[in-house]
Every structure is written in C-alpha cells, then in structure tokens.
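Undergrad: give me a 3D structure for the following:
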Amino acid sequence: MNILERIIDATDQILGRLSSRIAKSLMKGEKIIVINAKKTIITGNPENIIEKFRIKTRRGDPHHGPYYPKTPDRIFKRSVRGMIPYKKSKGRKALERLIVYSSNPQNLKGEQIAKTKNQIKCKYVSLEEITKKLKGF
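TA: Numbering: from 1, shown residues only. A predicted model of the protein is given here:
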C-alpha cells in the first residue's frame, strides 16, 4: 500500500479548520506531519478560551481522569482525535499516521491548507499563549 505523506505548517492557521481537513486526509489513508503546532490559533475572546481550557484541565480526578492535554502538540492531536472515529480500528490506524511537533525540529518545509490569521477579522489566541497561562495556574 502506497501511503502519501504530507507536511503541514500550522503557523497562524485556525485550529478547528485545520483539524477537520487533517482528519479527512487521515481517514483517506494519508500520513501527515504537522509542524509548529504551538503557533496555531483559536478564534474568539482570549479570556473565554483560556478559561474553557482551564476548566477542561481541572475536570475530574488527577488519578482517574478524564485527562486533558496541557501542551500544544497534544492539544492539537486531541482536536484531530475528536474528528475521527478513534474508538474503531480504522480511526485508531488513522490517528497513528498523525505526527505533531510543537516546533520545527528538522527545518521541514510545510504547506498551509486552512485560513490564516491574516484572513480573519476577529480576536484570537495561540496555543502557545494558552499553554503558558495553564502552567501559570
């Protein structure tokens, strides 16, 4: 089986739009490497977004879960996981084909496939800022 491999640069792209396109590609059988996940943005009021993430990370028991990620690469992978049937075998195999890096470790060149922050006219916050605020509390 010939697997197509794509490198995607997540710099200044909207998290939800990018995650949905990546999920579709993974379900088609492509292997995807995402670089610069910490520079991905989430649109909306920054204070509200950070508070929602704070609530998610504090939910439950630290020994029994639910466990919510606190690093940019894992938050990104979790958002993609929510868009595929990860409890079925085809979804698990698709998720195994996804590799996410917080930065650009090997100086790879990636393509941009979703809207960037230059194309939006609303408030936004990056995953890097969210994780800094989560570690502060």
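
Undergrad: now the strands for this protein?
TA: Shown for the chain, the strands assigned by DSSP state E span residues 5-9, 31-35, 41-43, 98-100, 124-126.

Undergrad: now these as TSV including mean neighbour count, distance to Gly65 and mean pLDDT?
TA: C-betas here are computed from N, CA, C, even on glycine. Shown next, in TSV, are these (neighbours: other Cβ atoms under 10 Å; distance: least, Cβ to Cβ, whole Å; pLDDT from 0 to 100):
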stretch	mean neighbour count	distance to Gly65	mean pLDDT
strand 5-9	16	30	92
strand 31-35	20	25	95
strand 41-43	21	23	94
strand 98-100	19	21	95
strand 124-126	19	26	93
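
Undergrad: now for Ile14, how many residues are close by?
TA: Neighbour count of Ile14, defined by other Cβ atoms under 10 Å: 20.

Undergrad: may I have the beta-bridge partners of it?
TA: Beta bridges link Ile14 to Ile41, judged by DSSP bridges.

Undergrad: contact partners for it?
TA: Counting by Cβ atoms under 8 Å, 6 or more residues apart in numbering, Ile14 makes contact with Thr40, Ile41, Ile42, Thr43, Ala114, Lys115, Thr116, Lys117, Ile120, Tyr124.

Undergrad: mind giving me CSV with these and columns for distance to Gly60?
TA: Output for the contacts of Ile14, formatted as CSV (distance: Cβ to Cβ, whole Å):
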residue, distance to Gly60
Thr40, 25
Ile41, 27
Ile42, 22
Thr43, 27
Ala114, 31
Lys115, 33
Thr116, 35
Lys117, 33
Ile120, 33
Tyr124, 28
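
Undergrad: now, which of these sits nearest Ile130?
TA: Proximity of the contacts of Ile14 to Ile130 was ranked by Cβ to Cβ; the top entry is Ile42 with 7.4 Å.

Undergrad: now Asn104: how far from Ile130?
TA: Using Cβ to Cβ, to the nearest Å, we find Asn104 at a distance of 20 Å from Ile130.
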